[in-house]
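Enquirer: Structure here, sequence nowhere to be found:
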């Protein structure tokens, strides 16, 4: 099953509230934090909202 490693690159200080809530829902919060999440449509939708703040890598398990 594929998983995604999502790393936060930028701060959320001047971001919109929706983007701040999405970062928290992904399990991130500060620059250089990362989370490993399943590759599904829900995760891909959240990535699309904050794609300018994060880096995504695919992991095969």
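Expert: Thanks, I have it. Note that the structure is a prediction, hence the values are computed from the model and not measured.
Enquirer: close enough to count as contact, residue 15 and residue 53?
Expert: Yes. At 7.2 Å, residue 15 and residue 53 qualify as touching, with contact defined as C-beta atoms under 8 Å. In short, each C-beta sits where N, CA and C put it, glycine included.
Enquirer: Which one of the two is surrounded by more residues?
Expert: Neighbours per residue, other C-beta atoms under 10 Å: of residue 15 and residue 53, the larger number sits with residue 53, 21 against 16.
Enquirer: and the more buried one, what does it touch?
Expert: Contacts for residue 53 were tallied using C-beta atoms under 8 Å, 6 or more residues apart in numbering; they are 8-10, 12, 15, 19, 23.
Enquirer: what do you get for residue 16?
Expert: Counting by C-beta under 8 Å, 6+ apart, residue 16 touches no other residue.
Enquirer: Overlap in contacts, residue 15 and residue 53.
Expert: Contact with both residue 15 and residue 53 is made by residues residue 23, according to C-beta under 8 Å, 6+ apart.
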